[in-house]
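*Asks:* make a model of this:
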Amino acid sequence: MVYKSKEERRKHYAKNKDEINRKRREYNKRPEVWKKKLEVERKWRENNREKANALANKAKKKYEAKCKRLVFEHYGKICKCCGEDEKLFLTIDHINGGGEKHRKKIGRKICVWLFKNNFPEGFQTLCFNCNWGKHINGGICPHKTY
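*Replies:* All right, here's what the predicted structure looks like:
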């Protein structure tokens, strides 16, 4: 359809938005279209390696921040031991220990893993001091020994 002006095109889109988007989604699902788009994207990434890496890193950091926010909303925003609530000091603790082995096994950031695995049991929020104190004190935070 040929439009006489941008305004006419915008009015048509506003009036038929749902139908236009439905047809666009349908078109984009076709295998030949999908393969062509993937090929164009691959070539762009090859020709713009630095920009593509920067965009990917930005998206990754945004996703990790979202996961971290959701994890702390689920497990709590304060240290279970001392009550510290400064989010820069908080971390996720394995209640029964074994965090080092678990991190090596999963090979990614713990918050992303927790998010992808639907916030499993066996984890809690601690501040870095309580978490480290628990580690060097045989599984008991020094606050609990008084």
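*Asks:* who are the packing partners of the lowest-mean-pLDDT helix or strand in the chain?
*Replies:* Least confident helix or strand, the chain: helix 99-106 with a mean of 86, by mean pLDDT, DSSP states H and E. In terms of contacts (3 or more CB pairs under 8 Å, 6 or more residues apart in numbering; DSSP states H and E), helix 99-106 is packed against helix 110-116. The C-beta positions use only the backbone N, C-alpha and C, and glycine is treated the same way.
*Asks:* mind listing what's buried in the helix it packs on?
*Replies:* In terms of neighbour count (16 or more other CB atoms under 10 Å), helix 110-116 has its buried residues at Ile110, Cys111, Val112, Trp113, Leu114, Phe115.
*Asks:* just the CA atoms of that helix, as PDB, please.
*Replies:* Only the C-alpha atoms of helix 110-116 are listed here, as PDB (Å, rounded to 0.1, in the frame of the first residue of the first chain):
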ATOM      1  CA  ILE A 110      24.900 -17.800  41.700                       C
ATOM      2  CA  CYS A 111      22.100 -15.300  41.400                       C
ATOM      3  CA  VAL A 112      21.600 -16.200  37.700                       C
ATOM      4  CA  TRP A 113      21.600 -19.900  38.700                       C
ATOM      5  CA  LEU A 114      19.100 -19.400  41.500                       C
ATOM      6  CA  PHE A 115      16.800 -17.400  39.200                       C
ATOM      7  CA  LYS A 116      16.900 -20.100  36.400                       C
END
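*Asks:* what's in contact with that helix?
*Replies:* Residues outside helix 110-116 that contact it (CB atoms under 8 Å, 6 or more residues apart in numbering): 63-64, 67-68, 70-71, 74-75, 92, 99, 102-103, 106, 120, 123.
*Asks:* and which of the buried residues of helix 110-116 is nearest Ile136?
*Replies:* The shortest approach to Ile136 among these belongs to Ile110, at 19.6 Å (CB to CB).
*Asks:* which residue ranges of this structure form strands?
*Replies:* Per DSSP state E, the chain carries strands over the ranges 90-94, 123-127.
*Asks:* and the longest helix for the chain?
*Replies:* Determined from DSSP state H, the single longest helix within the chain is helix 49-75.
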